[in-house]
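>>> here is the input, now give the coordinates:
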Amino acid sequence: MWLKFGVSRSGELVSVDEVGRGKTRLSCLYCGGPLTARKGTVKEHHFAHSGQTCQPVVQRIKTKAFPSLPLYDNFLIQLKGEELERLKVLWRQYGLQQRPIPKDLIEFRWVLKGLMQTERNFSQFTNLGRIPVGALPLGRFNQVQEPRLLEELDKLERSANVAIAAGLSNAEERRADLEIYRVQFRRILLNSLYFLEVRASGQLFHKVGITTRPIEQRIKEVERDMRSHFVQVEVNLLGLWQHRGNVELYFKHRYQRFNFLIGSLTEYFLFPNVDKVLQDLNKMEIKVLSEIENSLLLDKI
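Predicted structure coming up:
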């Protein structure tokens, strides 16, 4: 995990995705030092200090401890590759048929992590356990993730407040952690999830994405992108879900086997039965913002 945010001269946090490669006018939230955007093809894009990296950032890079949204861009629940493969096998053999799993096939650590629950001599997948194998419907995914988002915000806020009130030496670091988390949380709330149907030169496929702008504007951009690859293009909106920016990456994880690569574009899918996908999307409850979430959008937290 790398440093993904810098501070502008006006005091706003700016993502590495919003700047070009090279030296920037941004500074480190932890030490105030100047930052350079590293945007290569091997490591994920991140900020590095233009001079010597400060100790708080070094420590977080080593421990992968930068504040991040729970179940947002990683759905493997800290499973090692071998563990994940065993979990997938169990899902195919038992979970798909909704059969109870013999208890002697279950690793105790899975139970401790909340991926499995046991009853007598049998076990079964929990909602959390269905996430690594992409088997949890989108509506239930929200039910699992949303409480964790708020719990993490509360934990970081209490930690920062205690440190500041007690005058601890790491108070500014804890405040910085809170600010980084708040910006990430606010961004997913600002974004709407959209699902598009694309008809291009006789082919039918679909696109998922998020946007903070009017959907009509985004559709025009998609049409422009498609005309670089196809002669005839027609794009139709099948669904728009406000404040659901958290769902896009899990959707891609859940439906990755249907991914349809078009050049360097990765948000397109070729579904054998799109009706089932639409049902999955439409079973998500309308997002009703809590008081805390509303405060985030108004930047009052």
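>>> now the strands for the chain?
Under the criterion DSSP state E, strands of the chain are mapped to 5-7, 13-15, 22-27, 34-38, 46-49, 101-102, 116-119, 122-125, 192-200, 203-211, 233-241, 268-269.
>>> possible to save those strands as a markdown table with mean neighbour count and mean pLDDT?
Heads up, the C-betas are built off the backbone N, CA and C, glycines and all. Putting those into a markdown table (neighbours: other Cβ atoms under 10 Å; pLDDT from 0 to 100) gives the following:
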| stretch | mean neighbour count | mean pLDDT |
| --- | --- | --- |
| strand 5-7 | 22 | 93 |
| strand 13-15 | 18 | 92 |
| strand 22-27 | 16 | 94 |
| strand 34-38 | 19 | 94 |
| strand 46-49 | 20 | 94 |
| strand 101-102 | 15 | 90 |
| strand 116-119 | 16 | 89 |
| strand 122-125 | 19 | 90 |
| strand 192-200 | 20 | 98 |
| strand 203-211 | 18 | 97 |
| strand 233-241 | 15 | 98 |
| strand 268-269 | 22 | 98 |
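>>> and residue 179, which of those is closest to it?
strand 13-15 (6.4 Å; Cβ to Cβ).
>>> just checking: what are the partner strands of the closest one?
According to DSSP bridges, strand 13-15 forms sheet pairs with strand 5-7 (antiparallel).
>>> how about the strands of the chain in a markdown table, adding distance to residue 58?
Shown next, in a markdown table, are the strands of the chain (distance: least, Cβ to Cβ, whole Å):
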| stretch | distance to residue 58 |
| --- | --- |
| strand 5-7 | 16 |
| strand 13-15 | 20 |
| strand 22-27 | 17 |
| strand 34-38 | 14 |
| strand 46-49 | 9 |
| strand 101-102 | 43 |
| strand 116-119 | 37 |
| strand 122-125 | 39 |
| strand 192-200 | 36 |
| strand 203-211 | 32 |
| strand 233-241 | 39 |
| strand 268-269 | 39 |
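>>> which of the ones you listed sits closest to residue 186?
Judging the strands of the chain by Cβ to Cβ, what sits closest to residue 186 is strand 13-15, at 9.7 Å.
>>> so how far is residue 279 from residue 201?
28 Å (Cβ to Cβ, to the nearest Å).
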